[in-house]
Structures are given as structure tokens and as C-alpha cells.
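**Q** This is a predicted model, with the sequence first.
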Amino acid sequence: MTAEDFPASEVMPETFQLLARIALRIRQSLDLDEILNETVAQVRELLDVDRALVYRFHPDWSGSVAVESVTETTHSILDRVITDPCFEKAWFDPHRRGRTRAIKDIRVAQMSECYREFLASFQVRANLAVPIILSLPAPNLESPNPERLWGLLIAHQCDRPRQWKSQDIEFLEQLATQVAIAIHQSELLRQTQRELEERKQAEVALQQLNQKLESRVEQRNVALQESERRFRSFFESAPDFLYVLDSRGIIEQVNPVAVEKSGYTEAELIGRCLGEFLTPEGRELGQQQFATLIEKGSVRQEFDFVCKDGRRLVMDSSSSLVRDESGSPDYILVVQRDISDRKAAEAVLHESNRRWQTLLDNVQLIVIGLHKDGTVEYVNPFFLKLTGYDRSDILGQDWFGTVLPQYQTAQVYQVFQEILTQNLHPHYQNSILTKSGEERIIAWNNTRLQGMGGKAVGTLSIGEDVTERYAISRMKDEFTAVVSHELRTPLTAIHGGLNLLSTGLVDASGDRGEHIIQIAASSTERLVRLVNDILELERLESGKIQLVKESIKVSALLQQATEQMQVIANRAGVTLEVFDINAYCWVDRDRMTQVLINLLGNAIEFSARGSTVCLSATLMDAVGTIWFEVRDRGRGIPADKLETIFERFHQVDASDSRKKGGTGLGLAICRSIVEQHGGQIWAHSTLGVGSSFYFTVPQGEEAPESGDGEMEKRVE
Amino acid sequence: MSKQILIVDDDDAVREIVQYCLEAAAGWEVLMAASGREGLAVARSQQPDAILLDVMMPDMDGLETLRQLQGDKTTQDIPTILLTAKARIGDRQQLQSLGVAGTISKPFEAVSLVEQVRSLLHWDE
């Protein structure tokens, strides 16, 4: 700017020079503070005012003194922030439109009292305020440049009123314009510097980001290489068959294990479909699985892989589909584990289990498995059959509370504990209850079951139902005792009697001696009968006696028996009555006569003198049997003895029987003979009235006598 | 003073032979009963010095007779010897535990019988 830029007529030479100088400074300097300070210093000097200042508005229209120049006697208001509400806001708009406000004397000027006091507080007497308006860049070429009220250039006269001259005002206004230019330039500069700074920072940040990215890429590369190395290592050393297939199932890569174990070379495998190495069934299954793989992304299946030498390997095969970025199938990873050995072991185990299961299911022994807490974990079908329980009745139940008779519970539980803790009682015998409450005696073979670490987890017991055997054994013992008693009793009389005589304690020729000889003789006869009967019965029951059966006329049989018993009947004063029939029976003549003689003998023995014993036979044509009956009028047999009298040594009254010369085996012999003829024997009786003994034998056919006079006989 | 002994046995022959043995070999007085029930009655009424009791008898056997003898204040102190045909040692030991003076197995010799009775009843002195 030069002095020519200003209207010469209205500007004093000094002010003109000042304006020119400031304009020059503005163009030469970009230091706003320096320009403003010089401006206010020159204004104060040129206008000879007490205070010159530049006031800057804040965005909220408060403001602060940016620069100031004051006389020595005027106090400084530099940096004062002015928020006084009395500042007349009415002047904002005029200032914004460029109007200058000149006040000659605040004491008389028209203004609010509040503002007057406000100015007075700064010792102001006369005030000249010129707006500093910045012209902002237009948003487009057609639009006028928008303006902004930046601040005020102010001159204060403090010591006296002052009539501001138009030159003063004009000077100050032109100066404000120059200041506005300087501010605008300064702001542009600052903005440029700020932008430069921002750009520089952005460049630095970009550089740092680049470095980071480069570092990250580097790390990624290292990680990728490591990953690749690991994958390669895994691929080459994995014990399973590993393949990489393309999306159609063609082998692209295969690991050394697959090459080695399959017997194919890598070249024979690569480029071929994996399905080609499976069995036909596996190939078909593989095709189905391939569709599932494409649909679901992964499949697992067992296949038989056929090696080059024809061996088949059972493979547990897992396939995973990998898709590319667009989602299309890219390649397939396949892992195949050779489980041939495991499969073979499983098959052996399965077969072994099946055999065990079959054994347990079919063995005619009880098998039970108990948990260590006593609950039932297993019972075999034979146990259920024997006891009548359902599996649901017994599994999970407490064995001791469910199956054992109450009187044995505590004792058997103790045994169970000793099996678990000390492995005692490999053999034990106790009773169990069936579902119906029947008691069965079981002989157990116990095994302690041990888990990991040898701790007892339960027991497995195999049991045999020995109830019948036990009963037979007891009967045998009882029978032995009875036989012993029956043999020793006459022996005692014989031995004791003869001993008395032989030692001379009793004189054999005396009465007592003769009596002892009689006792010894009758006891000897009894012993002989007994021994004969025992041997006879033993031979009959063991089948050592063969029956020679023939068709015999019933009348002949009855006659033979009665003839043999007639003498005894006569001696007992008993009459024998016979009711004959015209029929034949199919029997062993001697044995059947023996049965009739036995029954007749019993009937005569127990009949009172003068009574009658009837012997009769009836033909039961419909069933083809002959029904014999021997009836007496004796004292009768109690009802509870009618069954047992046919058992050995079960006489109604043993001593009574002995008195009558019986051995206690006659009826047992009769039953044995009748049963061996296929017949039955039984008795009816009424106490005090008499008894009837019945037996049946098969009917025989009427057979003509052969030439040599012998009837047909058959040995059975 | 002569001892009085009761023989309880259902077999007539055995009973008589035992009687002859005791009388001839020891000179003891012998009472006889042919059943457990009869033996109880004789024991109560006659209070013998000892009882020889057969084990195996019909109806009331020797063990039941013994139980009743031991349960009766008038007979519980009479020493009882069981006559048994049971040959097995285990059986005899079982009988021995019933609170009897002893057991004697059939058959026996006359002198041996008397000696066994004396020994079991401590009548030696």
C-alpha cells in the first residue's frame, strides 16, 4: 500500500504516512501481534489519545483486550475479559454493518447508565470505536463475500472529553481495514500452518502405520512359514493316511505313511480318485458320503481300503471340505486311520462276549452279580426261571433284603463283606426265597470282582440249587440211621444173650438160659428176614432182578397165594375169602405172588381171631388193567400214615410190626414190584373198621398153552 | 446197697437181655418200660438211680423222653445213659451234648455194659 491509496484531501500527511507504513508492514510481516502492537502505539501517538486498543470478540460476544497502548498515567486494561452485561448489545449490529461509534463525553452522551459506569470504570471520558470486519472467502464466484465482525479498534481519551474529528474517525476506520487485512492474512497463515502441521502429522501417522503394517506383514509371513513348516511336518510324520483331494475327489497330495502302508507309489496315488482304492461296496458308500460332504462340510465313515497287494485295511475316514472365498468347494482334507487291528480285537471280544452271554443264558446254574453295596447288577435267565422273579423285580434291588430269608440275612451279609474285604468264602451255602416264598438251598461258588487298582467292586457268584440233593442226603442219613437201628437191635439181643451164656453169667441149661437161647434164635430169624428184605429191595430198585412176565390167569394167581397163606390164616383163626374173575394179567408170576402173600400176611397179622380177610380181583376193561384188593377187618390205619406206609421202615408202629415179625420193608417191596409192572398201589382205611390195599397190573391176553405146556413168557 | 436201674426200650428182646446183663453181671435191680411214656411214669414213681434210655422208639422217641425227664423236677437229677444204635462218632458226640451221663452203643457185651454204666455214673468206688 502507498499513500496514493488514501484520499489526500481528507487525510493528514502524518496519518497517511502511518497508514502507508502499516500497510507496508502488513505486507512484509506476518506477525499479527507485532502489527497490532505497532498499530495501537501509532494510533495513540498520532491521535494523541490516552489509550488505544484492539478489542477482540469471542464467539459468545464477550471479548478481551488483545493489544493496548496507554500513557503512563492511564491504567492498563490489557487482557481484560469483558463480559459486562451493560455493554450495549444494541451496537453489535451497527458495528457488524461497519458503523463507527464516537462518543465525545460519556458523562453527557446518551447511553445507559450501566454502560456509562462501565466506561467510567476504565477511566474513559471520550470513546471512539471502529469495527474490524473480516471479509471471508465466498462459497462460490457468484456470491458476495460474507463478512464477520472480528473486533474493535478503540481510542480512549481519559483525562477530558474530546470531539472526534472526521479525520480521526476516517483514519481509524482505514486503519481498522488494514488491521482486518492483517488479521485475515494472519488467520490464513495460521490456517495454512495448521493444515501444514496436520498434513505433516498425517504423513508421520501414515508412515508409522506403514511401518506397523510392514511389521505385521513380516510377522504374518514368519507365522505362515512356521505354519507351513508345521503342517508339512505333521503331514509327513502323522501315523494316519492323509490326503488332500481336489473338489472332485481326485488325490492331489498324499503323505508318506499312506504311500508306505498302501504299497502304492505316490505317482500311482496322485491324480486318481480316492474311491478307486476302496472295495466296490465302499465306493458306492463313498459316493453317497461325497454328496453329504458337499452339503454339510464334513463326514466320517468306515471304509475298507484295498492295498496294492490286495490286503484290506479297515479305515476310520474323516473328510472336511474347504471352500474358497466365494463359497465354492476348493479342496478336501481326508484323514484315514487304520483300525483293522482294533476291529479284529473288537470282533474277537464280541465273539467272546457272545459265547459268555450264551453260556450265562443257557447254563443250568444260577449266576448273579452284586455291586459292592449289595444291589443286584446281573442275574441270568436260570435264576429267573428258578425263582419266578422278573428281571425288573430284582435288578437294582438289595439282594439281602429281597431274596434271602430273614433269619439268614445278617449272616450272609457278613459273608459277603468278608468276600469283598478278605476274599474269603469261595464256597458257601445258604437259602434263597423264590417269588412265591419257597425256600431253596443254593451252594455258591463266589468270586470277588476287582476294578482298577485292585479295589473290590462287587462279587460274581455261581450257584447250584441243591435243595433236592440236600433233602435226598438227609433222607439217606435218616435211612442209614434206621437201617443201622433195625440191624443193631436184633444183633444186640443175639450178641448180649450169647455173651451172657458164653461167659457163664447165665446158666444155659437153666430156665433163663433157655429163654435167652429163644431170644437169640428169634432175633437171628428176624435179622435174616431183614437182611433178605433189604437185599431184595435193593435188587428190585437197582433193576438187578429181571421180571419174567407172562399172561397168567388171575384165578391161578389168587389160588397160589391163598394156598401159601392158608396155614398162617388157620393158625391166626382168620378166614380167607377169594372173589375170582375170569381174566388174565400180564405179570411175573413169582413176584406177583410175593405181593399178594405180603398183603395177605399183613392183613392176617392185623386181623382179630375169627375175622375174615377178602382177596378179590376186578377187570377194568376200559383201561386194560386188573384191579386187586386185599381187605381186612383190622384196627385200621391213621389217614396221615396211608402214604408213608409204603416207604421203607415206615410202619404204623415199628415195635408192633417187630412183634409180628415184620421187617418194615414188606410194603416197600410190594410197591417196587407193582410199579415195575406199570401199576399202582395204595390203601384206604377206616380206624377201627379195617383197611383195603389195592394194586393194579396190566391185563393179559388169553393165550393157548404151547405144545410143551409152557405159556408165552417175556423177560423185561 | 443195690442200685436200681430203669431200662426204657421198645424192643422186648433187647430189654430182656439188658435186664439179664445188669442183674447177672452187677446184681442191680432192674425196672423196665416199653415206651418213653411208660419210662417217664416209672421214673417219676420209682425214682431209679439211673436210666438206660433207647434213642430210637416210635411215638415218643428217646430224645423227647429225655427232654421231659430233664424238664421234670422229680426226675431231672436222675442220671441218664442213652442206648444208641447210631454208629457214627459225630452222632454220639451230638447226643453227648444233651446233658446225659453218657452214651452206650448197641450191640454190647454183658460185662462191658456193666463196666460202661459204672464208669459213666462214677459207681466204681
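**A** Good, I have the coordinates. Residues are numbered from 1 along each chain as shown, chains lettered A, B, ... in the order given.
**Q** pLDDT-wise, which helix or strand of chain A ranks last?
**A** Lowest mean confidence among the helices and strands of chain A (mean pLDDT, DSSP states H and E): helix A:654-659, at a mean of 53.
**Q** can you check chain B too?
**A** helix B:89-96 (a mean of 68).
**Q** now the helix of greatest length in chain A, how far from the chain's geometric center?
**A** Secondary structure of chain A per DSSP state H: the longest helix is helix A:166-237. Here helix A:166-237 is found 64 Å from its chain centre; the criterion is C-alpha atoms, centre = their mean, to the nearest Å.
**Q** other SSEs contacting that helix?
**A** Helix A:166-237 sits against helix A:13-28, helix A:32-47, strand A:126-135, strand A:147-157, with contacts defined as 3 or more C-beta pairs under 8 Å, 6 or more residues apart in numbering or on different chains; DSSP states H and E. C-beta here means a position set from N, CA and C on the backbone, and glycine is covered the same way.
**Q** so after that helix, what's the next helix or strand?
**A** strand A:241-246 (DSSP states H and E).
**Q** I would like the residues contacting whatever helix or strand comes next after that following strand, please.
**A** Following strand A:241-246 in sequence order, the next helix or strand is strand A:251-254 (DSSP H and E). Applying C-beta atoms under 8 Å, 6 or more residues apart in numbering or on different chains, the external contacts of strand A:251-254 come out as A:235, A:241-246, A:266, A:269-274, A:331.
**Q** just stretch A:588-597 next, same as before
**A** In contact with stretch A:588-597 (C-beta under 8 Å, 6+ apart) are residues A:545, A:547-550, A:552, A:557-558, A:560-561, A:564-565, A:585, A:615, A:628, A:630, A:669-670, A:673-674, A:676-677, A:695, A:697.
**Q** Going along the chain, name the strands of chain B.
**A** Using DSSP state E, the strands of chain B run over B:4-8, B:29-33, B:50-54, B:80-84, B:102-105.
**Q** looking at these, which is buried most?
**A** Comparing these by mean neighbour count (mean count of other C-beta atoms under 10 Å in any protein chain shown), strand B:50-54 comes out on top with a mean of 25.
**Q** Run a quick neighbour tally on A:Gly463.
**A** 23 (other C-beta atoms under 10 Å in any protein chain shown).
**Q** how about it, secondary structure?
**A** strand (DSSP: H, G, I helix; E, B strand; the rest coil).
**Q** Among the contacts of strand A:251-254, pick out the one closest to A:Ser691, please.
**A** A:Phe241 (93.8 Å; C-beta to C-beta).
**Q** so how far is A:Ile35 from A:Arg21?
**A** According to C-beta to C-beta, to the nearest Å, A:Arg21 and A:Ile35 sit 11 Å apart.
**Q** okay if I get the strands of chain B as a markdown table plus mean pLDDT and distance to chain A?
**A** Compiled in a markdown table, the strands of chain B are given as follows (pLDDT from 0 to 100; distance: least, C-beta to the nearest C-beta, whole Å):
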| stretch | mean pLDDT | distance to chain A |
| --- | --- | --- |
| strand B:4-8 | 96 | 12 |
| strand B:29-33 | 96 | 12 |
| strand B:50-54 | 95 | 9 |
| strand B:80-84 | 91 | 8 |
| strand B:102-105 | 89 | 8 |
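**Q** if I read this right, A:Gly513 contacts A:Leu501, doesn't it?
**A** Yes. Here A:Gly513 reaches A:Leu501: they are 6.0 Å apart, a contact under C-beta atoms under 8 Å.
**Q** So which of the contacts of strand A:251-254 is the closest to A:Pro161?
**A** Set against A:Pro161, the nearest of the contacts of strand A:251-254 by C-beta to C-beta is A:Tyr331 (98.8 Å).
**Q** which secondary structure element contains that closest one?
**A** Per DSSP H and E: strand A:329-338 holds A:Tyr331.
**Q** List the buried residues in that strand.
**A** A:Tyr331, A:Ile332, A:Val334, A:Val335, A:Gln336, A:Arg337, A:Asp338 (16 or more other C-beta atoms under 10 Å in any protein chain shown).
**Q** what sits against the residue lying closest to the last one once chain neighbours are set aside?
**A** When you say that, I think you mean A:Asp338. Nearest residue to A:Asp338, sequence neighbours excluded (C-beta to C-beta, 6 or more residues apart in numbering or on different chains): A:Leu313, at 5.0 Å. Shown in contact with A:Leu313 (C-beta under 8 Å, 6+ apart): A:Lys261, A:Ser262, A:Asp304, A:Phe305, A:Cys307, A:Asp338, A:Ser340.
**Q** For burial, what's the neighbour tally of the last one?
**A** Spelled out, it's A:Ser340. If we define neighbours as other C-beta under 10 Å, then A:Ser340 has 15 of them.
**Q** Report the secondary structure element holding the residue nearest to it when sequence neighbours are not counted.
**A** Ranked by C-beta to C-beta, 6+ apart and with sequence neighbours excluded, the top spatial neighbour of A:Ser340 is A:Val314, at 4.7 Å. Counting by DSSP H and E, the element that carries A:Val314 is strand A:312-323.
**Q** That strand vs strand A:329-338, what angle?
**A** With axes from the mean of the first three to the mean of the last three C-alpha atoms, to 10 degrees as the basis, strand A:312-323 and strand A:329-338 are set at 150 degrees to each other.
**Q** Hey, what's the angle from strand A:312-323 to strand A:241-246? Just curious.
**A** 40 degrees.
**Q** hmm, back to that, direction included, what does the strand holding A:Tyr331 pair up with?
**A** Sheet partners assigned to strand A:329-338 using DSSP bridges are listed as strand A:241-246 (antiparallel), strand A:312-323 (antiparallel).
**Q** still on that earlier bit, right, and the helix or strand after the least confident helix or strand of chain A?
**A** helix A:666-676.
**Q** Check which helices and strands that following helix sits against.
**A** Judged by 3+ C-beta pairs under 8 Å, 6+ apart, helix A:666-676 is in contact with helix A:511-541, helix A:589-605, strand A:681-686, strand A:690-700.
**Q** which stretches of chain A have low pLDDT?
**A** By pLDDT under 70, the low-scoring segments of chain A are A:1-12, A:84-90, A:141, A:650-662, A:703-716.
**Q** Please list the residues of it that sit near chain B.
**A** Within reach of chain B by C-beta under 8 Å from any C-beta of the partner chain, chain A has these residues: A:481-482, A:484-485, A:487-497, A:499-500, A:503, A:505-506, A:512, A:515-516, A:519, A:522-523, A:653-655, A:658-659.
**Q** Quick one: buried ones out of those?
**A** For those, buried by 16+ other C-beta under 10 Å: A:481-482, A:484-485, A:487-497, A:499-500, A:505-506, A:512, A:516, A:519, A:522-523, A:654-655, A:658.
**Q** so A:Leu36 touches A:Val67, yeah?
**A** Yes. Applying C-beta under 8 Å, one finds A:Leu36 in contact with A:Val67, separated by 4.3 Å.
**Q** picking that back up, dump the helices and strands packed on helix A:166-237 into TSV; add mean neighbour count and distance to A:Ala443 as well.
**A** Below are the helices and strands packed on helix A:166-237 laid out as TSV (neighbours: other C-beta atoms under 10 Å in any protein chain shown; distance: least, C-beta to C-beta, whole Å):
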stretch	mean neighbour count	distance to A:Ala443
helix A:13-28	17	129
helix A:32-47	20	121
strand A:126-135	22	121
strand A:147-157	22	119
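**Q** would you put the C-alpha positions of stretch A:179-199 in CSV?
**A** Output of stretch A:179-199 as CSV, limited to C-alpha atoms (Å, rounded to 0.1, in the frame of the first residue of the first chain):
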residue,chain,number,x,y,z
VAL,A,179,-5.8,-4.4,10.6
ALA,A,180,-8.6,-6.5,9.2
ILE,A,181,-6.4,-7.4,6.2
ALA,A,182,-3.5,-8.2,8.5
ILE,A,183,-5.8,-10.4,10.7
HIS,A,184,-7.2,-12.1,7.7
GLN,A,185,-3.7,-12.8,6.4
SER,A,186,-2.6,-13.9,9.8
GLU,A,187,-5.6,-16.3,10.1
LEU,A,188,-5.0,-17.6,6.6
LEU,A,189,-1.3,-18.1,7.5
ARG,A,190,-2.3,-19.8,10.7
GLN,A,191,-4.8,-22.0,8.9
THR,A,192,-2.2,-22.8,6.3
GLN,A,193,0.3,-23.5,9.0
ARG,A,194,-2.3,-25.6,10.8
GLU,A,195,-3.1,-27.5,7.7
LEU,A,196,0.6,-28.0,7.0
GLU,A,197,1.1,-29.2,10.5
GLU,A,198,-1.9,-31.6,10.2
ARG,A,199,-0.6,-32.8,6.9
